[in-house]
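Chemist: Below are the sequence and a predicted model; questions follow.
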Amino acid sequence: MNPSFLLAATLLLPLVGTLFIALTGSRPNLREAVTLVTAGLLAVIVYSLLQDVLAGARPAVTLVEVIPGLPMRLEIEPLGMLFACVASGLWIVNSLYSIGYMRGNHEHQQTRFYICFAVAISSAMGIAFAGNMFTLFIFYEVLTLSTYPLVAHKETEEAKRGARVYLGLLIGTSIGFQMVAIIWTELAAGTLDFAAGGILRGKVDPTMLPFLLALYMFGIGKAALMPFHRWLPSAMVAPTPVSALLHAVAVVKAGVFTVLKVVVYIFGIDLLAETGASHWLIGVASFTLIVASLVALTRDNLKARLAYSTISQLAYIVLGAALASTYGILGGALHIATHALGKITLFMCAGAIYVATHKTEISEMDGLGRRMPFTYGAFLIGALSIIGLPPFAGVWSKWYLAMGAVDTGMWLVVAIYMISSLLNVAYLIPVVARGFFRPSAEPAPQSVGAAAAPARSGIQEAPLLCVLPPCLTAAGCIVLFFYADEVIALLRPIVQ
Amino acid sequence: MTAVAAVLPHLPVLQVVVPLISAPICFLLRRGDLPWAFATLISWLAFATSAVLLSTVMADGPIHYEIGGWAPPWGIEYVVDATNVLVLLLVSGIGAVVSTYARRSVLAEIPASQRGLYYTAYLLCLAGLLGVTITGDAFNVFVFLEITSLSSYVLVASGAGIDRRALTASYNYLVMGTVGATFFVIGVGLLYMVTGTLNIADLHERVPPLLHNRTIHVAFGFIVVGLGLKLALFPLHTWLPNAYTYAPSSGTAFLAATSTKVSVYVLVRFLFVVFAPTSGLMALTMDYVLFPLAVIGMMAATIAAIYQYNLKRLLAYSSIAQLGYMVLGISYGTVDGLTAAILHLFNHALMKGALFLALGCVMLRVGDVTMHGVRGLGRQMPWTMAAFVVGGLSLIGVPLTVGFISKWYLVTAALEDDRWWVAGFIMASSLLAVIYIWKVVEAAYLREPPAGRTIREAPLAMLVPTWMLVLANIWFGVDADLTVSVARTAAMSLLGVAP
């Protein structure tokens, strides 16, 4: 089929899906089938586009000219292709998981949940394939708005407060800083198209470049750079599938993806390397990286700990971009994929534990590993991948990021990456260790999960659809270890 | 065909005369739904007229029409050009949508004996607004301004059936409005004294060489303050919140979307066509009076809106802030600034129209448009509240709505002028708008409805017009080509810049 049509279809398909989800809202099985079919079709389309991109094609389509000279335009390049593959691929796994989790927990308003989810995926596709900064900004805002109902899902006071912080910080930074940066860029460069090598060379006074970069970096609130990171822990009041796909993959990765896009295609890494405009960002990103890891150590709530871990891992990518070196960019881009696989595994495991035992605090989870071996096994693999040990995918992105630091002679940054990996060990491994090695606190716990088998009192896992997805993504962590080269081959053109 | 050919050249005058003559006819109809049906028909006719005028102006350039065949400057001239044709289309379009919507709302809010009068006042107001916009004669502007004002006082006072405070609101509006109109006519009189003409095109020739003249200075002061009162420029806005709060729903929607906008348009025309200041006292007025007042108004009114409990009053304060945006764009005196102001004039009318119509639906079903009244309405009146949310997002300036297009141009104009901190204020004000809109969204979607309240969604006859405006918000937000190019052409011709 025509690639430009397929490209437009990546956005439209989830939207058409929402229509059918709304229509089948009263029949849950059919509704979930619609979600799965939509997710499957989307993955097929993205995969066929991937083949085109690997063959060197750059499909493009102009949707509508919003303001004279500023069209809403989609164009595929390798970085966006990677993000789209990650988001669409994990949507399938996460949809399976959503079914298990939402039913296992008897959540209300499930139709609204699936509708907002599909809209969020559609806007993630729009971000991935945006052909200019204007289009990217539009979908960035749509993503924020469509995920708001998901964060506020529980409709409790706590959920409302969390959702307020979420919306306030994301809308606030994007309108307050990012939009100004975009308009500034448009005025200076006369265009907002993503172009290889950037569009700002010779257009903006080099002494002003750091300020423009700052407007972008703090304006992209979804990258959770300190001090604008509070929205991410606040978003943890959402049901776990939301935290898993959106606040470990789609939303946060949309943030760092935008950071990479801005650095590579708006500024251009050569310009940043020559002018040193991103030096200050190395400091801010390093600070975020270390401090978020330290905060994660202090959190007893499992999801909160994972959220701070995400903030720190996002800073890895921003740091890679700030280094303005080839390896830093490649490592950052690869980290989008590897961290996504690892972190979604961890979140889904946290959700499975919640469904089975209704426990949220790590200190209450002693001895659970022996009752939920699959969940804890998957958690261990995800954790090891995020720490960056072979044979798990995470090792490659950390490898490239460290290479980028070596390449630019920033030995301190190399040290920061290493220290942070140790901190990863310190906040992730105890969760597993407590699960397996500490004796259980309660003598004869009753499982809430539907799949609990009374005959085998030893193993009391969450429902199958809660356990299978994290096992799949954990397996993905191992598979990606062996295929990282393919991903790098896809990404290579962006830094040439 | 010959009949059509005979009517076409007279469209500029018919645009005003048809609603004007219809008003007394409407008064005579009185019974039942007849006044409503008649007023709606006339409104749509006026809309069709301005649509034809728009296409003519876009194809053949400005139209000059001499009333009664008397050549200007002795006779009165009507001028339709790129600047005012957009305002004509806006006023008549909003009129058509609101009058279609009005029937059920008026049945519920206004006593039977006064309904005919209400529609009569509405038609007079429509005729007045269209007249102010289309005329090329300074004194004629005053005449139509008075027709508009007097009929608006009646529209506001018609809310007395629900809340007697509508009467004091109307009285306040009358006092302030009369002061404004008097100031305006004093200014016009002084201009006539010095130049001997009332034709705006002639004034455009004769005033600029006299810009050092003390009398012209005084005229300038009177006109700017008079129009400032009419358009509710901070701190001359005090009449507006009460008037919008206590007027009947349909009246509020119509007035909020059109009457202040037309005053902004008149201000633009006098500032840039009659006075055309490039230096001296008047240019300083733009920089040191209009500009700071616009910024202060923008921030102060937005903050005031956050603390409102009554949603109509909340939106009224928001309107004052939004008028600040328009005056801000005007005060730059650049093509970009003026483009932004004209664009926002049009876009803001669409947002506020949609929002007030949605509140009208709430008024009909719940009878209470406060934070308390909208609790839990997200589920009980899904279409109405969805309309409110989209209108609210547009007010905030979220992409794919008209509000975003306005913000884009306002910030562009500020950055172009190297006024960084103004861009900061515009953004800050948009973010504060998030707070007051979200208070409503949370009340409607995340609160439980009061126990025992069972209400139905608003009738289709009201939902359809509401959603027409909502969709216009999205349509002109996704494809802003028409509005942006008309606004830019208008800004260029007002400033005398060659395209």
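Modeler: In hand now; what should we look at?
Chemist: Now do the contacts for residue 406.
Modeler: Looking at chain A here, since you left the chain open. Counting by C-beta atoms under 8 Å, 6 or more residues apart in numbering or on different chains, A:Val406 touches A:Val414. No exception for glycine: its C-beta is placed from N, CA and C like everyone else's.
Chemist: oops, I was thinking of chain B
Modeler: B:325, B:340, B:343-344, B:347-348, B:397.
Chemist: Leaving out chain neighbours, which residue sits closest to it?
Modeler: B:His344 (4.2 Å; C-beta to C-beta, 6 or more residues apart in numbering or on different chains).
Chemist: helix or strand for the one you found, which one?
Modeler: In this structure, B:His344 sits in helix B:335-366 according to DSSP states H and E.
Chemist: what's around B:Lys312, how many residues?
Modeler: For B:Lys312, the tally of surrounding residues (other C-beta atoms under 10 Å in any protein chain shown) stands at 24.
Chemist: any idea of the mean pLDDT for the host helix or strand of it?
Modeler: Element membership of B:Lys312 [criterion: DSSP H and E] is helix B:311-332. Averaging the model's pLDDT scores along helix B:311-332 yields 92.
Chemist: quick one: the closest residue to chain B within the stretch 201-350 of chain A and B:Tyr122, what's the gap?
Modeler: With C-beta to the nearest C-beta as the measure, A:Phe211 is the residue of the stretch 201-350 of chain A nearest to chain B, at 10.0 Å. To B:Tyr122, A:Phe211 is 52 Å away according to C-beta to C-beta, to the nearest Å.
Chemist: more neighbours, those two?
Modeler: Of the pair A:Phe211 and B:Tyr122, B:Tyr122 is the one with more neighbours under other C-beta under 10 Å, namely 32 against 16.
Chemist: which residues does the more buried one contact?
Modeler: Applying C-beta under 8 Å, 6+ apart, the residues near B:Tyr122 are B:39, B:95, B:99, B:102, B:151, B:155, B:251, B:254.
Chemist: Same list as before, those residues that is, but in a markdown table and with pLDDT and neighbour count included.
Modeler: Shown next, in a markdown table, are the contacts of B:Tyr122 (pLDDT from 0 to 100; neighbours: other C-beta atoms under 10 Å in any protein chain shown):
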| residue | pLDDT | neighbour count |
| --- | --- | --- |
| B:Ala39 | 91 | 27 |
| B:Gly95 | 93 | 29 |
| B:Ser99 | 92 | 28 |
| B:Ala102 | 89 | 31 |
| B:Ser151 | 93 | 22 |
| B:Leu155 | 92 | 25 |
| B:Gly251 | 91 | 32 |
| B:Phe254 | 93 | 30 |
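Chemist: For chain A, state which of those residues is nearest.
Modeler: Out of these, the member with the shortest distance to chain A (by C-beta to the nearest C-beta) is B:Gly95, at 28.0 Å.
Chemist: Next to chain A, which bits of the stretch 351-499 of chain B? Give me the list.
Modeler: For the stretch 351-499 of chain B, the contact set with chain A under C-beta under 8 Å from any C-beta of the partner chain comprises B:393, B:396-400, B:405, B:407-408, B:411-412, B:415-416, B:423-424, B:427-428, B:430-431, B:434, B:438, B:442, B:445-446, B:477-481, B:484-485.
Chemist: Now chain B against chain A: closest residue?
Modeler: For chain B, C-beta to the nearest C-beta, closest residue to chain A: B:Pro399, 4.0 Å.
Chemist: mind listing what's buried in stretch A:196-213?
Modeler: Neighbour-count burial for stretch A:196-213, counted by 16 or more other C-beta atoms under 10 Å in any protein chain shown, picks out A:198-200, A:204, A:209-213.
Chemist: Which ones among the residues you listed lie within helices?
Modeler: Per DSSP state H, helices hold the following members of the buried residues of stretch A:196-213: A:209-213.
Chemist: Send me stretch B:288-307 as CSV with only the CA atoms.
Modeler: What follows is stretch B:288-307 as a C-alpha-only set of coordinates in CSV (Å, rounded to 0.1, in the frame of the first residue of the first chain):
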residue,chain,number,x,y,z
TYR,B,288,2.3,54.3,27.9
VAL,B,289,-1.5,54.1,28.3
LEU,B,290,-3.0,51.4,26.1
PHE,B,291,-0.1,49.0,26.4
PRO,B,292,0.2,48.9,30.3
LEU,B,293,-3.6,49.0,30.7
ALA,B,294,-3.9,46.0,28.4
VAL,B,295,-1.2,44.0,30.3
ILE,B,296,-2.6,44.9,33.7
GLY,B,297,-6.1,44.1,32.6
MET,B,298,-5.0,40.8,31.1
MET,B,299,-3.5,39.7,34.4
ALA,B,300,-5.9,41.3,36.9
ALA,B,301,-9.1,40.1,35.2
THR,B,302,-7.7,36.6,34.8
ILE,B,303,-6.8,36.4,38.5
ALA,B,304,-10.3,37.8,39.3
ALA,B,305,-11.9,35.1,37.1
ILE,B,306,-10.2,32.4,39.2
TYR,B,307,-12.1,33.4,42.3
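Chemist: From the contact counts, what lies against the strand or helix carrying B:Val18?
Modeler: Following DSSP H and E, one finds B:Val18 within helix B:11-29. Packing partners of helix B:11-29 (3 or more C-beta pairs under 8 Å, 6 or more residues apart in numbering or on different chains; DSSP states H and E): helix B:34-60, strand B:63-66, strand B:77-80, helix B:112-134.
Chemist: one more time with 10 Å
Modeler: helix B:34-60, strand B:63-66, strand B:77-80, helix B:82-109, helix B:112-134, helix B:138-157 (3 or more C-beta pairs under 10 Å, 6 or more residues apart in numbering or on different chains; DSSP states H and E).
Chemist: what residues does the second one touch?
Modeler: Spelled out, that is strand B:63-66. B:9-15, B:53, B:56-57, B:72, B:74-81, B:85, B:134-136, B:201 (C-beta atoms under 10 Å, 6 or more residues apart in numbering or on different chains).
Chemist: Paired strands for that strand, with orientation please.
Modeler: Using DSSP bridges, strand B:63-66 pairs in its sheet with strand B:77-80 (antiparallel).
Chemist: I'd like the C-alpha coordinates of the strand it pairs with written as CSV, please.
Modeler: Extracted C-alpha coordinates of strand B:77-80, given in CSV (Å, rounded to 0.1, in the frame of the first residue of the first chain):
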residue,chain,number,x,y,z
GLU,B,77,-21.0,56.6,2.8
TYR,B,78,-20.9,52.9,3.6
VAL,B,79,-17.6,51.1,3.1
VAL,B,80,-17.0,47.4,3.0
